[in-house]
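Engineer: sequence plus the predicted model coming up.
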Amino acid sequence: MLGPFLKLNNGLKCPQFAYGSYMINRSKCFDSVYAALQAGYRHVDSAQMYFNEGDCGRAILQFMKDTGIKREEVWYTSKLNNLAGYSATLKSIDSSVKACGLGYIDLFLLHSPYGDRLGSWKALEEAVEAGKIRAIGVSNFGPHHIQQLLDHHPKIVPCVNQIELHPFCSQSKVVEYCQTKGIALAAYAPLAHGEKFGNKQLIGIANKYNKTEAQIMIRFLLQRGYIVLPKSSTPARIKGNGEVFDFELSKDEMHTLYNLDEDYHSDWNPCVSPL
Ligand SMILES: NC(=O)C1=CN([C@@H]2O[C@H](COP(=O)(O)OP(=O)(O)OC[C@H]3O[C@@H](n4cnc5c(N)ncnc54)[C@H](OP(=O)(O)O)[C@@H]3O)[C@@H](O)[C@H]2O)C=CC1
């Protein structure tokens, strides 16, 4: 397995290094997830919105069959697309569990704050009690969205907030809030979709370690303590993005990279949407 585990606030240990599966051509998804597992990834990030829960699940099941690794050795995350309230969410969770074919989902997130957050959260809690999901969290939630949830005294506190994070997007307010509440951060679009490659400081650090800019961005996020979800459907990049555990960025380099922040969002940013 590539990288360490991160202990979540519910005691579960989640692989910190993960494979992001958004926007993979459907014909390539099975092969890409399989290649990631072969390269040592043990956490796959999917979502209802990606229409690939079935492809991700099939790749995991095939890999288990081919290698003998057990279901509990792979962490599978998915996300609720439509926060349509309690009853609809219960049904939607069942569809996701069925679609992946893995028996249960390790981590299930509210994909965004849009919709009935409180009703949908109650359904997620119930699915944990029923053993369909092991851990629950949120994505694209700002502090005010999380605080509203906490003010309603949920049975289960979110264990993860998945947001856009990379050297050019530090989201320090959301990060600091989550850290004070014991909520782990998961970094999506960790490569900013490649849109910031070419930055001088990034290139300088990459040259020093004989690594790519992508590897430096991933390593930076790992050292920040985040779950990191790089996506690629190119086999050589899938493997290369995982080659980040044989060097360590210095304090000064971490500082330099952190200072590249320019609140640059390469994707949507529902964190700032009103309650
Ligand atoms: N919760 C949410 O709202 C969101 C969650 N996510 C999650 O985060 C994951 C990652 O984010 P994503 O949006 O995919 O963006 P990333 O920042 O991971 O960038 C992916 C892009 O970078 C390219 N790339 C990957 N590795 C390299 C490399 N080593 N060198 C050069 N280019 C590279 C890929 O191309 P190629 O595939 O051709 O190699 C692809 O075009 C998603 O897949 C998804 O799981 C993402 C967005 C929103």
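Structural biologist: On my side now, so go ahead.
Engineer: okay, CA-based contacts and neighbour counts for the rest of this
Structural biologist: OK.
Engineer: give me every residue in the stretch 51-200 of the chain lying close to the ligand.
Structural biologist: The stretch 51-200 of the chain comes close to the ligand at residues 111, 139, 162, 188-194, as judged by C-alpha under 6 Å from any ligand atom.
Engineer: now, of those, which are buried?
Structural biologist: Buried members of those, counted by 16 or more other C-alpha atoms under 10 Å: 111, 139, 162, 188-192.
Engineer: what segments of the stretch 151-275 of the chain are strands?
Structural biologist: 160-164, 184-188, 227-228 (DSSP state E, counting those that start in this stretch).
Engineer: tabulate those strands (a markdown table), appending mean pLDDT and distance to residue 151.
Structural biologist: Converted to a markdown table, the strands of the stretch 151-275 of the chain look like this (pLDDT from 0 to 100; distance: least, C-alpha to C-alpha, whole Å):
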| stretch | mean pLDDT | distance to residue 151 |
| --- | --- | --- |
| strand 160-164 | 98 | 17 |
| strand 184-188 | 99 | 19 |
| strand 227-228 | 98 | 26 |
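Engineer: which one of these is the most hemmed in?
Structural biologist: Comparing these by mean neighbour count (mean count of other C-alpha atoms under 10 Å), strand 227-228 comes out on top with a mean of 28.
Engineer: return the list of helices and strands in contact with that one.
Structural biologist: If you count contacts as 3 or more C-alpha pairs under 8 Å, 6 or more residues apart in numbering; DSSP states H and E, strand 227-228 packs onto strand 184-188, helix 213-223.
Engineer: quick one: is it near the ligand?
Structural biologist: No. Strand 227-228 stays clear of the ligand (C-alpha under 6 Å from any ligand atom), getting no nearer than 8.0 Å.
Engineer: hmm, who's touching that strand?
Structural biologist: Residues outside strand 227-228 that contact it (C-alpha atoms under 8 Å, 6 or more residues apart in numbering): 6, 15-18, 184-188, 190, 218, 221-222.
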